[in-house]
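# My questions concern the predicted model and sequence given below.
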Amino acid sequence: MSHREERSRGPELIELIYEATVQAGDWPVYQHIDLEGHRRGMEKPYEVLEALPHEWVSFENPLDTASKVRLHVEGIAAAELGDGLLQEFVNAVVALSERWEREPMLSPAQAQPVVVQAHELFDASAARSEGELRLIGLLLDNEGIGTVDWTEDPASPFSVEIDFEIRDYRAASSIEDYLRARRSDHS
């Protein structure tokens, strides 16, 4: 399989990782991606995975079948998946940024983290499964937006501790805005 052929299967593999993550509420292990990729007609899922840009997906050692395969927002966007979910991710990042701005400091002499529960970030009327909410939490963690702590509450499966400045994302209204702000933040 040529590099171009491997890369052309990328969106299909990202969709597989996306579906597995929503189903499990956690990043899938390489063994699952390999077996399910074969079932879907991919000869060498590892080669497809390796051909993808590291901005789309990251993985540890596929020789270790228990290693996790992680998606990045750019990969989900490139595969044209989860538009609504990516918008909710952006909305959560903006809400966290705004919360950072308005959280009162208890002492000017001591830094304090801002902790936000998942249910505070999302519209209660949105029909999101626990797996989708957990995927948003995984993306927040993977993107370095804050430290995510997991709970057993399906309605609020995580909290995010923000301990750094995230003002650059305050004006994001779309995934493209978020990615532009992230690129300028990292340059």
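Yes, it's here. Residues are numbered from 1 along each chain as shown.
# so which strand or helix has Val69?
Here Val69, judged by DSSP states H and E, is contained in strand 69-71.
# which other helices and strands contact that strand?
Using 3 or more C-beta pairs under 8 Å, 6 or more residues apart in numbering; DSSP states H and E, the elements in contact with strand 69-71 are helix 10-24, strand 57-59, helix 130-142. (Each C-beta comes from the backbone N, C-alpha and C, glycine too.)
# now the helices: where do they sit in the chain?
3-8, 10-24, 30-39, 45-51, 73-78, 83-102, 130-142, 175-186 (DSSP state H).
# Give the buried residues for the second one.
Along helix 10-24, these residues count as buried under the neighbour rule (16 or more other C-beta atoms under 10 Å): 10-11, 13-18, 20-22.
# Just the CA trace of that helix, in PDB.
The C-alpha coordinates for helix 10-24 follow below in PDB (Å, rounded to 0.1, in the frame of the first residue of the first chain):
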ATOM      1  CA  GLY A  10      -7.200   8.100   7.200                       C
ATOM      2  CA  PRO A  11     -10.700   9.600   7.500                       C
ATOM      3  CA  GLU A  12     -12.100   6.000   7.700                       C
ATOM      4  CA  LEU A  13      -9.600   5.200  10.500                       C
ATOM      5  CA  ILE A  14     -10.300   8.400  12.300                       C
ATOM      6  CA  GLU A  15     -14.000   7.600  12.200                       C
ATOM      7  CA  LEU A  16     -13.300   4.100  13.600                       C
ATOM      8  CA  ILE A  17     -11.300   5.700  16.500                       C
ATOM      9  CA  TYR A  18     -14.000   8.300  17.000                       C
ATOM     10  CA  GLU A  19     -16.800   5.700  17.200                       C
ATOM     11  CA  ALA A  20     -14.700   3.500  19.600                       C
ATOM     12  CA  THR A  21     -14.000   6.400  21.900                       C
ATOM     13  CA  VAL A  22     -17.700   7.400  22.100                       C
ATOM     14  CA  GLN A  23     -18.700   3.800  22.700                       C
ATOM     15  CA  ALA A  24     -16.100   3.200  25.400                       C
END
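# before we move on, back to that, can you list the buried residues of helix 10-24 in TSV and add distance to Lys44?
Converted to TSV, the buried residues of helix 10-24 look like this (distance: C-beta to C-beta, whole Å):
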residue	distance to Lys44
Gly10	13
Pro11	17
Leu13	11
Ile14	16
Glu15	17
Leu16	14
Ile17	16
Tyr18	20
Ala20	18
Thr21	22
Val22	25
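# hang on, the earlier thing: could you dump the helices and strands packed on strand 69-71 to CSV with distance to Val69 and mean pLDDT?
As requested, the helices and strands packed on strand 69-71 are exported to CSV (distance: least, C-beta to C-beta, whole Å; pLDDT from 0 to 100):
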stretch, distance to Val69, mean pLDDT
helix 10-24, 6, 92
strand 57-59, 5, 91
helix 130-142, 11, 91
